[in-house]
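Asks: Provide a 3D model corresponding to the input given below.
(one chain, ligands or ions: 1)
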Amino acid sequence: MLGLAELAQPLQLVFFGAPGAGKGTQAERFARHYRIPKISTGEMLRRASDERTELGALVSETIHRGELVDDELMIDLVRSRLEEPDVANGFVLDGFPRTVVQARALDALVPHALIIALDVSADNLLRRLSSRGRTDDSLDVIRERLKIYESNTRPVLDYYRSRSMIAVVNGNRSEDAVTDAIEASIVRCLEPRETS
Ligand code: AMP
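Replies: Okay, the predicted model is just below:
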């Protein structure tokens, strides 16, 4: 992977894709390599749902139904996380945005983020989710999450396609091959801005 010093700007990466596409795995790799924080909304929500508060109970119910947490709450959560000082050198976002409303809000917060969309076949998504063993990975909940991805989250792709800062990467490959492809996309997308 290329070194952070070779990049002329903080790396602001957004991993986008269906549940099971490998967003978390790849986000973790890039965050570790570039020593920048990984911001996973799913992890933040799972932590919140462990707390014995009214909000925690609500979030827990939503996750276990495979539904999406309210846009307003999600945007507030991400906005305040992005205000923390450790994101100054860049960050990797995993699991946000999941709706067009969230994508618009993110655009206002981080206008030059690079969106990495992981494209994975339905068969592979199902296979990966079924073998993961998370409590929201039972077959019924998986089906619901994939359905909601199609109706609410996939439209975000069209929103981003109208802008230049999106790279679609074939995620139907080994983790290493996907990492290499993402890295190549980062170089391709950021180069023109470095020399301008
Ligand atoms: P994940 O770990 O990214 O698969 O997220 C787990 C669950 O958290 C999702 O199925 C949603 O219920 C919830 N969640 C995570 N991120 C978001 C988001 N950006 N908007 C709404 N709900 C979310």
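
Asks: which phi and psi does whichever residue of the chain sits closest to the ligand have?
Replies: Proximity of the chain to the ligand (Cβ to the nearest ligand atom) peaks at residue 42, 2.0 Å away. From N, CA and C alone the C-beta is placed, and that goes for glycine too. Backbone torsions of residue 42, given as degrees, to the nearest 10, read phi -60, psi -50.

Asks: And for it, the neighbour number?
Replies: A count of nearby residues for residue 42, using other Cβ atoms under 10 Å, gives 18.

Asks: Could you do the one 4 residues further on as well?
Replies: Counted with other Cβ under 10 Å, residues neighbouring residue 46 total 16.

Asks: Repeat that for residue 187.
Replies: Residues contacting residue 187 under the criterion other Cβ under 10 Å number 14.

Asks: Residue 16 sits in which helix or strand?
Replies: Using DSSP states H and E, residue 16 falls within strand 11-17.

Asks: Is there proximity between that strand and the ligand?
Replies: No - figure legend: strand 11-17 not in contact with the ligand (Cβ under 6 Å from any ligand atom); closest approach 9.5 Å.

Asks: interface residues of the chain facing the ligand?
Replies: 19, 41-42, 45, 62-63, 66-69, 74, 95-98, 102, 136, 145.

Asks: which residues does residue 166 contact?
Replies: By Cβ atoms under 8 Å, 6 or more residues apart in numbering, residue 166 lies in contact with 114-117, 157, 160.

Asks: could you redo these as TSV and give each row distance to residue 78 and secondary structure?
Replies: Listed next are the contacts of residue 166 as TSV, based on distance: Cβ to Cβ, whole Å; DSSP: H, G, I helix; E, B strand; the rest coil:
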residue	distance to residue 78	secondary structure
114	17	strand
115	15	strand
116	17	strand
117	18	strand
157	19	helix
160	16	helix
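
Asks: ok, which pair from those is furthest apart?
Replies: Farthest-apart pair in those is 114 and 157; separation 14.6 Å (Cβ to Cβ).

Asks: Could you export stretch 161-173 as CSV, CA atoms only?
Replies: What follows is stretch 161-173, C-alpha atoms only, in CSV (Å, rounded to 0.1, in the frame of the first residue of the first chain):
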residue,chain,number,x,y,z
ARG,A,161,-22.6,8.2,-9.6
SER,A,162,-23.6,11.7,-10.5
ARG,A,163,-20.4,12.9,-8.9
SER,A,164,-16.8,11.9,-9.7
MET,A,165,-15.6,10.8,-6.4
ILE,A,166,-16.8,7.2,-6.5
ALA,A,167,-14.9,4.0,-7.3
VAL,A,168,-16.8,0.8,-7.8
VAL,A,169,-14.7,-2.2,-6.9
ASN,A,170,-15.5,-5.9,-7.6
GLY,A,171,-15.8,-7.4,-4.2
ASN,A,172,-16.3,-11.0,-5.3
ARG,A,173,-12.7,-11.9,-4.8
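
Asks: how about that stretch: buried residues?
Replies: When burial is assessed from 16 or more other Cβ atoms under 10 Å, stretch 161-173 yields the following buried residues: 165-169, 171.

Asks: Brilliant, that's me finished.
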